[in-house]
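Chemist: 3D, please:
(one chain, ligands or ions: 1)
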Amino acid sequence: MRCCCGCKKKENESVPGTKDTKGAKSVKIVVLLGAPGAGKGTVAQYLLDNYDVVHFSTGNLLRNEVKNDTELGREVSAYVGSGGLVNDDIINKVVELNLAKTLESGSAILLDGYPRSVDQAKFLDQLDSGSLRDAIRIIEIDVESEVVVARLFDRKICSKCGATFGRLDVIAECSRCGGAFVKRPDDEEVVIRRRLQEYKSTTMPVSEYYGSRLLKVNGDRSPDEVARGVTDVFRDFGVKKRR
Ligand SMILES: [Zn+2]
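Modeler: Numbers count the residues shown, from 1 in each chain. Below is the predicted model:
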């Protein structure tokens with residue numbers, strides 16, 4: 001297949017994730033999408049434990065910049081200090097900078113919480129003159145809103161050790177330390193529905209942008225089963241298992 005711009009270059013020719021012409025390390029980026037309560041955290045942890053993959057959470061990346069007092073970190077502090085939200089430009093810059101560093105190491109990258117808007121998704125696609133585009137796999141953990149509401153509403157959190165238990169754990173107290181259960185304020189139904197609505201309005205356009213590039217994994221199952229569904233995608237993508 002020829003390149004879409006009509007030049008002589010073959011499509012995929014210089015994509016590090018698909019061909020290794022210059023002996024460069026292969027690039028693999030996985031974007032993990034999923035509504036609050038879809039089980040993204042559990043799945044991400046499973047992948048990190050079992051695969052040679054680096055976790056990219058924009059929150060952590062921004063905190064690191066602030067902690068290391070970099071130029072970007074100072075910009076972030078200025079925004080947060082004035083009560084504003086960190087804008088797309090800064091988030092994009094932080095992601096670009098850290099992607100470049102990590103890709104050098106040859107590890108795959110798990111992007112969590114990014115891209116959160118179509119503009120961010122477009123930015124990611126055009127990085128490295130667009131050559132990263134084909135090295136990105138997008139996985140969405142797909143789950144019905146009502147399942148999420150029931151799941152989060154029934155979540156029990158230990159007041160002593162912070163362990164979380166789900167609807168299926170029929171226990172009166174924490175099985176780890178015997179502590180009493182509390183409800184997190186953000187697990188109240190109204191809050192849950194608002195977060196789901198926010199997710200729909202911001203992230204659904206991102207899913208639509210990716211279109212046929214998006215791989216959906218059924219999230220309406222136990223966390224273990226969901227993790228297995230996602231690892232199938234990882235295996236097909238060629239992400240290495242940890243030894
Ligand atoms: Zn406990």
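
Chemist: just the pLDDT for the spatially most central residue of the chain.
Modeler: What sits nearest the mean C-alpha location of the chain, by C-alpha atoms, centre = their mean, is D112, with 1.8 Å. Looking at D112, its pLDDT is 87.

Chemist: ok, it to the ion distance?
Modeler: Counting by C-beta to the ion, to the nearest Å, the gap between D112 and the ion amounts to 26 Å. C-beta coordinates here come from the backbone N, C-alpha and C atoms, glycine included.

Chemist: show residues contacting the lengthiest helix in the chain.
Modeler: Of all the segments of type helix in the chain, defined by DSSP state H, the longest one is helix 189-210. Helix 189-210 is contacted from outside by 33, 35-37, 115-118, 120-122, 138, 140, 145, 148-149, 152-153, 185-186, 214, using C-beta atoms under 8 Å, 6 or more residues apart in numbering.

Chemist: at 7 Å what do you get?
Modeler: 33, 35-36, 115-118, 121, 138, 140, 145, 148-149, 152-153, 214 (C-beta atoms under 7 Å, 6 or more residues apart in numbering).

Chemist: pull up the pairing partners for the helix or strand harbouring L111, direction included.
Modeler: Following DSSP states H and E, the helix or strand that holds L111 is strand 108-112. Taking DSSP bridges as the criterion, strand 108-112 forms sheet pairs with strand 29-34 (parallel), strand 53-57 (parallel).

Chemist: restricted to helices, list the contacts of helix 189-210.
Modeler: Applying DSSP H to those, the entries found in helices are V118, A121, S145, V148, V149, L152, F153.

Chemist: many thanks, we can stop here.
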